[in-house]
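Asks: Quick one, what's the 3D model for this:
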Amino acid sequence: MKKIRGNPGTETSACARKAVRGLRPSRSSSTGYTLIELIIATGLFSLIMLLASGAYLMMIGLQRQAQGIATGIDNLSFAIETMTRDIRTGTAYTCPGGTSNCTIDGSGIGFSFTDSDGSPVTYALSSNSITQNGNALTDPSVDITALTFYVSGTSKSDNAQPHVTITISGKVLYGQGKSETFHIETGATMRGSDL
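Replies: Just a heads-up that it's a prediction; the model follows:
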């Protein structure tokens with residue numbers, strides 16, 4: 001084996017030198033990231049995060065919209081349930097002017113009857129809200145535009161059980177200036193006999 005003189009006082013073989021050179025990175029190999037690579041990586045990360053946060057914010061908006069609509073519909077359901085329960089147990093159904101169709105126009109005059117306790121009850125439309133004896137049943141987030149009571153079977157000579165059909169139209173307000181329209185029809189038949 002051929003000996004090569006290296007640093008003063010040491011002698012190294014050619015094979016050992018080549019082995020040591022193989023462990024060191026050559027000048028042509030990369031030892032880090034370039035500025036261009038960092039800019040591209042940061043840009044891609046920012047774009048992905050922007051898309052993800054946009055989708056997240058959109059989902060939050062849709063969830064708030066759904067929650068607002070659900071709250072309004074729950075309030076409207078409570079008002080309808082209250083009306084139908086009272087009408088079922090009531091007697092002496094009357095519409096303004098003695099007609100069989102009570103189209104409530106917001107004047108405060110509405111569908112009247114006597115409840116199970118013998119107290120007079122009047123359902124009316126006031127300030128776009130359903131009222132019971134002047135007290136609001138619906139929340140301001142529910143905007144009632146039409147309220148009609150169709151009354152049948154109130155005459156003793158017709159041999160029919162009194163029945164009231166209620167139609168309600170309006171919109172549920174949610175968010176800033178956003179609304180969802182609705183049209184509801186339900187009915188209630190007097191539990192007791194008027195014959």
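
Asks: show me where the protein has helices.
Replies: Per DSSP state H, the chain carries helices over the ranges 14-23, 35-89.

Asks: and Y93, how many residues sit next to it?
Replies: Y93 has 23 neighbouring residues, counting by other C-beta atoms under 10 Å. All C-beta atoms are positioned from the backbone trio N, CA, C, and that covers glycine.

Asks: coming back round to it: deepest of the helices of the chain, which one?
Replies: helix 35-89 (a mean of 13; mean count of other C-beta atoms under 10 Å).

Asks: Would you mind telling me which of the helices of the chain is nearest A188?
Replies: Nearest to A188 among the helices of the chain is helix 35-89 (4.1 Å), distances taken as C-beta to C-beta.

Asks: State the pLDDT value of I109.
Replies: With respect to pLDDT, I109 scores 76.

Asks: close enough to count as contact, it and T103?
Replies: No: at 10.4 Å, I109 does not count as touching T103 under the criterion of C-beta atoms under 8 Å.

Asks: Check the helices of the chain for me: which has the lowest mean pLDDT.
Replies: Among those, helix 14-23 scores lowest, at a mean of 56.

Asks: if we can go back for a sec, make TSV from the helices of the chain and add distance to N159 to it.
Replies: Below are the helices of the chain laid out as TSV (distance: least, C-beta to C-beta, whole Å):
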stretch	distance to N159
helix 14-23	109
helix 35-89	20
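
Asks: Tell me how many other residues surround G110.
Replies: Neighbour count for G110, taken as other C-beta under 10 Å: 24.

Asks: Now do it against G90, distance only.
Replies: Using C-beta to C-beta, to the nearest Å, G110 is found at 14 Å from G90.

Asks: tally of neighbours for G175?
Replies: The number of residues packed near G175 is 11, by other C-beta under 10 Å.

Asks: Identify the bridge partners of T94.
Replies: Under DSSP bridges, the beta-bridge partners of T94 are S112.

Asks: hang on, it packs against T114?
Replies: No: at 9.3 Å, T94 and T114 do not qualify as touching, with contact defined as C-beta under 8 Å.

Asks: how many other residues sit next to N159?
Replies: Counted with other C-beta under 10 Å, N159 comes out at 8.

Asks: Same check on E180?
Replies: Neighbours of E180 using other C-beta under 10 Å come to 14.

Asks: now F113
Replies: F113 is surrounded by 22 other residues when neighbours are defined as other C-beta under 10 Å.

Asks: ok, it touching A92?
Replies: Yes: applying C-beta under 8 Å as the test, F113 and A92 come out as touching, 5.6 Å apart.
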